[in-house]
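**Student:** Quick one, structure for this:
(one chain, ligands or ions: 1)
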Amino acid sequence: MQVLVVGTLGIDTVETPFGREDDILGGSATYASLSASFFALPGIISVIGSDFPEDYIKLLRNNNINTDGIQKLPGRTFRWTGSYKDDLNMATTIKTELNVLEEFKAIVPKSYRKIKYLLLGNIDPELQLKVIKQMDSPKLIVGDTMNFWIAYKNEELKRTLKYLDILVINDAEARQLANEPNLIKASGIIRKMGPKILIIKKGEHGALMISEKTHFAASAYPLEEIFDPTGAGDSFAGGLVGYLAKTGDISEPNIRRAIIYGSVMASFNVEDFSIRKLLKLKSNDILKRVKSFHKFSNFDINA
Ligand code: AMP
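**Tutor:** Below is the predicted model:
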């Protein structure tokens, strides 16, 4: 295995202007590991309840995702209900049911401990930290979080942030975490909390990478049809870390390339509900979109 993905495996109910789907497969680890699986071999650390369909585990395995780190506990699986109105960049959480997540101990199997690329998907920051501490010597630690954890586990999140090389976060959450409306100032404040590089996701407006030395703005892939933005952030992070693991290069120019691969994965994911689009995707589709991305975002500096 090349990428360790920590995150939720969940059952979602999602409403967008294009429809509503009840009890569909979701969770940050689901999207992130599937997206990463196009580039590298992922293993998952997560928890499910006794109601989690066995078929979903088979589906992950069929996509070359190692599931030895998934613990099954008595009780109900993590559930999230969310809705999007006309602004598809803004998810409104209607209900979060942590369920078995509250009992989860996040034990890393021995076979995972030497993995070099660690993606701490959106999950309780205490669990993220527990996982970091069990790993031998990761080469790269990338973390994600969301408003729920910024609000309810702020101190725990700040303890985890100290260990991150890269924090992937959306713009509203960066403002919330830093308590600062200006994104550039906010990113400086957050980098002081630990992460050396901040990647700020701005939904349909792309992503911004900010480190001490550099600043890189990538637009989002222009799409006319977006059905369900759920999992865009996780597919972005999965694509980003998967690509870095595949190439074994964490230099700044390669992180820029990885951001484009992440954006492309997110752009496919939002074209259908749940993981449906990712399941139909072929490596060649990804390459085609990366090339077209390059074409439209390139410019000649000479007049
Ligand atoms: P994204 O749209 O990429 O931010 O992630 C959407 C996924 O995150 C959904 O499938 C949810 O199951 C999952 N999710 C929602 N709330 C949380 C939470 N508080 N912690 C972890 N995962 C969550």
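**Student:** then stretch 94-112 to CSV, C-alphas only?
**Tutor:** Output of stretch 94-112 as CSV, limited to C-alpha atoms (Å, rounded to 0.1, in the frame of the first residue of the first chain):
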residue,chain,number,x,y,z
ILE,A,94,-29.0,19.2,8.3
LYS,A,95,-27.9,16.3,10.6
THR,A,96,-24.7,14.7,11.6
GLU,A,97,-25.1,11.4,13.4
LEU,A,98,-21.6,10.2,14.7
ASN,A,99,-22.9,6.8,15.9
VAL,A,100,-20.1,4.2,15.9
LEU,A,101,-17.5,7.0,15.3
GLU,A,102,-17.8,7.9,19.0
GLU,A,103,-16.5,4.5,20.0
PHE,A,104,-13.8,4.2,17.3
LYS,A,105,-10.3,3.7,18.6
ALA,A,106,-8.4,4.1,15.2
ILE,A,107,-5.9,1.3,15.6
VAL,A,108,-3.5,1.2,12.7
PRO,A,109,-2.8,-2.4,11.5
LYS,A,110,0.8,-3.4,11.5
SER,A,111,0.8,-3.8,7.8
TYR,A,112,-0.1,-0.1,7.4
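**Student:** Show me what H215 is bridged to.
**Tutor:** As for beta bridges, H215 partners with I210 under DSSP bridges.
**Student:** Please determine how far it is located from E252.
**Tutor:** H215 sits 11 Å away from E252, going by C-beta to C-beta, to the nearest Å. Just so you know, the C-beta spots here come from the backbone N, C-alpha and C atoms, and that holds for glycine as well.
**Student:** cool, I70 as well?
**Tutor:** 34 Å.
**Student:** ok, these two, which is more surrounded?
**Tutor:** A direct count of neighbours by other C-beta atoms under 10 Å for I70 and E252 places I70 higher, at 19 against 12.
**Student:** Make sure that one is actually in contact with P42.
**Tutor:** No: assessed by C-beta atoms under 8 Å, I70 is found out of contact with P42, at 12.0 Å.
**Student:** which residues do these two both contact?
**Tutor:** Residues touching both I70 and P42 (C-beta atoms under 8 Å, 6 or more residues apart in numbering): none.
**Student:** Okay, and I44 sits in which element?
**Tutor:** strand 42-48 (DSSP states H and E).
**Student:** so does that strand get close to the ligand?
**Tutor:** No: figure legend: strand 42-48 not in contact with the ligand (C-beta under 6 Å from any ligand atom); closest approach 9.9 Å.
**Student:** Next up, phi/psi of the residue of the chain found nearest the ligand, please.
**Tutor:** Closest residue of the chain to the ligand, C-beta to the nearest ligand atom: G26 (2.8 Å). Main-chain dihedrals, G26, degrees, to the nearest 10: phi -150, psi -160.
**Student:** do G7 as well
**Tutor:** Torsion angles at G7 (phi, psi; degrees, to the nearest 10) stand at phi 170, psi -170.
**Student:** Equivalent analysis for M90, please.
**Tutor:** The phi/psi pair for M90 (degrees, to the nearest 10) is phi -110, psi 100.
**Student:** my guess is it meets N147, correct?
**Tutor:** No: M90 is beyond contact range of N147, at 10.9 Å (criterion: C-beta under 8 Å).
**Student:** what does the stretch 1-150 of the chain put close to the ligand?
**Tutor:** Applying C-beta under 6 Å from any ligand atom, one finds that the stretch 1-150 of the chain approaches the ligand through 8, 10, 12, 26-28, 80, 96, 122-123, 146, 148.
**Student:** now do 8 Å
**Tutor:** 7-8, 10-12, 14, 26-28, 30-31, 78-80, 82, 91, 93, 96, 98, 101, 121-124, 144, 146, 148-149 (C-beta under 8 Å from any ligand atom).
**Student:** Of those, which belong to strands?
**Tutor:** Per DSSP state E, strands hold the following members of these: 10-12, 14, 26, 78-80, 82, 91, 93, 96, 144.
**Student:** Can I get the buried part of those residues as one PyMOL selection?
**Tutor:** Restricted to buried positions by 16 or more other C-beta atoms under 10 Å, the PyMOL selection for those reads:
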select buried, resi 10+11+12+14+26+78+79+80+82+91+96+144
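**Student:** Grab the most central residue of this protein for me.
**Tutor:** In the chain, the residue lying closest to the centroid (C-alpha atoms, centre = their mean) is D234, at 2.4 Å.
**Student:** Q71 versus that residue, what's the distance?
**Tutor:** 20 Å.
**Student:** could you pull out the strands for the chain?
**Tutor:** Going by DSSP E, the chain shows strands at 3-6, 10-16, 19-26, 42-48, 70-72, 78-84, 91-97, 117-120, 140-144, 166-170, 197-201, 207-210, 215-218.
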